[in-house]
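Colleague: What follows is a predicted structure for the sequence shown.
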Amino acid sequence: MSQKFQVTGMSCGHCAGVVQSAVQTIDPSAQVTVDLETGHVDVVSEHPRRDIIVAIENAGYQAQ
């Protein structure tokens, strides 16, 4: 299932990588696409939305 998140606090490629790694920590097969310009993160995963938000927030970013 494809889910879209608005993530604040990302400013560079390193940030994008941290967010991607955070999501893939809970779902290694998740497909994560980060758009730094808009702050959108698209995730293809069967994990619940709340779990993905918690993973991103635990990495130091705000997610909705």
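Modeller: It's in.

Colleague: What values do phi and psi take at residue 9?
Modeller: Main-chain torsions, residue 9, degrees, to the nearest 10: phi 100, psi -10.

Colleague: what sits against it?
Modeller: Contacts for residue 9 (C-beta atoms under 8 Å, 6 or more residues apart in numbering) come out as 15, 60, 61, 62. C-beta coordinates here come from the backbone N, C-alpha and C atoms, glycine included.

Colleague: Kindly recompute the last result at 10 Å.
Modeller: Applying C-beta atoms under 10 Å, 6 or more residues apart in numbering to residue 9 gives the contacts 15, 18, 19, 39, 56, 57, 59, 60, 61, 62, 63.

Colleague: same deal with residue 5?
Modeller: Per C-beta under 10 Å, 6+ apart, neighbours of residue 5: 19, 23, 32, 34, 39-43, 49, 52-53, 56, 61-64.

Colleague: So how do I select the buried members of these in ChimeraX?
Modeller: With 16 or more other C-beta atoms under 10 Å as the burial test, the buried ones among the contacts of residue 5 are selected in ChimeraX as follows:
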select :19,23,32,34,39,41,43,52,53,56,61,63
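
Colleague: Can you tell me which of the contacts of residue 5 end up in strands?
Modeller: Per DSSP state E, strands hold the following members of the contacts of residue 5: 32, 34, 40, 41, 42, 43, 62, 63.

Colleague: closest to residue 8 among those residues?
Modeller: Nearest to residue 8, judged by C-beta to C-beta, of those is residue 62 at 4.5 Å.

Colleague: What residues are bridge-paired with that closest one?
Modeller: Counting by DSSP bridges, residue 62 is bridged to residue 8.

Colleague: The protein: helices as residue ranges?
Modeller: For the chain, applying DSSP state H gives helices covering 13-26, 49-58.
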